[in-house]
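In: fold the stuff below for me.
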Amino acid sequence: KQARLFEPVIFHDIDFRNARHVLEVGSGVGAQTEILLRRFPDLHITGIDLNERQLAAANEHLAQLPWLAERCEFQRADATDLPFEPRSFDGAFLCWVLEHVPSPARALAEVRRVLNPGSPVFVTEVMNASFLLDPYSPNLWRYWMAFNDYQIDSGGDPFVGAKLGNLLLA
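Out: Okay, here's the model as predicted:
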């Protein structure tokens, strides 16, 4: 539901028309995978995720869509140590995954390693500091800050969106 709700915003400028094999880092349950395959009918996607339950859900979800299922595969892999040869892909897609990765710079370096030079990379990330309420609610604000603190304590970064430009340049 979340992927479909945000599809018009997230996928508005994504263009994989010239790509044939895209790496999706943090594929989760395959919701974004489905959208990519629907929008780009010549695309094959390899989705990676660390979570076995997410991967099982992705395989189950795409199995219900046989016209898409043959065009994707999911496997367990660490974004900071990808099990692929250099230049294995001609595109990459990351959506709301770097916020959960302890080393986003290393993950992006790995993505670069497995891409053909000049391949498109599309990254969508959070910037939780931009979440504001009107009217102001001190209780909700305390909850939001506790949520952000929990993500930081868990090795993530709820503010990685503000750092994305520099991470990509590096």
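In: look up phi and psi at the residue of the chain positioned farthest from its centre.
Out: In the chain, counting by Cα atoms, centre = their mean, Pro135 sits farthest out from the average C-alpha position, at 32.1 Å. When read as degrees, to the nearest 10, the backbone of Pro135 gives phi -80, psi 160.
In: mind listing the helices in the chain by residue range?
Out: 2-10, 31-39, 52-63, 66-69, 104-114, 138-153, 160-169 (DSSP state H).
In: need those helices in JSON lines (columns: distance to Cys95).
Out: Using the backbone N, CA and C atoms, a C-beta is placed for each residue, glycine as well. Shown next, in JSON lines, are those (distance: least, Cβ to Cβ, whole Å):
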{"stretch": "helix 2-10", "distance to Cys95": "7"}
{"stretch": "helix 31-39", "distance to Cys95": "5"}
{"stretch": "helix 52-63", "distance to Cys95": "13"}
{"stretch": "helix 66-69", "distance to Cys95": "17"}
{"stretch": "helix 104-114", "distance to Cys95": "13"}
{"stretch": "helix 138-153", "distance to Cys95": "17"}
{"stretch": "helix 160-169", "distance to Cys95": "12"}
